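Chemist: Fold the following.
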Amino acid sequence: MKRKILSSLGVVLGIVSWAALADVGTLSRANCVGPLQVNESVTYDRPQLRVMIGFATSVHTQLGNIEPLHAPLFSDSAPSWRHYAGDTGDGGTVLVTGTHGWRIYDDDGNIVEDGYRETSATDCNLTEWL
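Modeler: The predicted structure is shown next:
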């Protein structure tokens, strides 16, 4: 009985994992990598690396403050599989809020996927890449 349940669970997890691979990923990270203080927001398509029209913005606000440390950072607008907005050197503990948008076209110019998402973080989120 246990083997049947585990087998069924494995199939379900395989299907869920495959579906997750098809979605464009978004993340924000804050206060990463020791003294560098990497703060960033990223919109990406991995592992498929499909080129998309998209963007990422990243706003960095020191905890306890209302105003951001600097103007919002924006990704380059060129088509890419990855859109990045971030910097290093923001002191203190930072809240990173990201805004992400994407649109992917097929070879005939039809939209196959588009979306919009907001993210936030006060931690490094390194496990996202595992």
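Chemist: any idea where the helices of this structure begin and end?
Modeler: Along the chain, counting by DSSP state H, helices occupy 2-22.
Chemist: What score does residue 98 have for pLDDT?
Modeler: You'll see residue 98 listed with a pLDDT of 97.
Chemist: so how far is residue 35 from residue 82?
Modeler: 25 Å (CB to CB, to the nearest Å). No exception for glycine: its C-beta is placed from N, CA and C like everyone else's.
Chemist: If you count surrounding residues, which of those two has more?
Modeler: Each of residue 82 and residue 35 has its neighbours counted (other CB atoms under 10 Å); residue 82 has more, 16 against 6.
Chemist: For beta bridges, what are the partners of the closest residue to that one other than its chain neighbours?
Modeler: Spatial nearest neighbour of residue 82, excluding adjacent residues (CB to CB, 6 or more residues apart in numbering): residue 44 at 4.3 Å. Residue 44 forms beta bridges with residue 25, residue 82, as assigned by DSSP bridges.
Chemist: burial count for residue 44?
Modeler: Neighbours of residue 44 using other CB under 10 Å come to 20.
Chemist: wait, what's in contact with it?
Modeler: Residue 44 makes contacts with 24-26, 81-83, as judged by CB atoms under 8 Å, 6 or more residues apart in numbering.
Chemist: who wins for most neighbours among those residues?
Modeler: residue 83 (27 neighbours).
Chemist: OK, contacts around the nearest residue to it once chain neighbours are set aside?
Modeler: Closest residue to residue 83 apart from its sequence neighbours, by CB to CB, 6+ apart: residue 75 at 3.8 Å. Contacts here follow CB under 8 Å, 6+ apart; on that basis residue 75 touches 43, 54-57, 83-85.
Chemist: If you rank the residues you listed by neighbours, which is first?
Modeler: residue 43 (29 neighbours).
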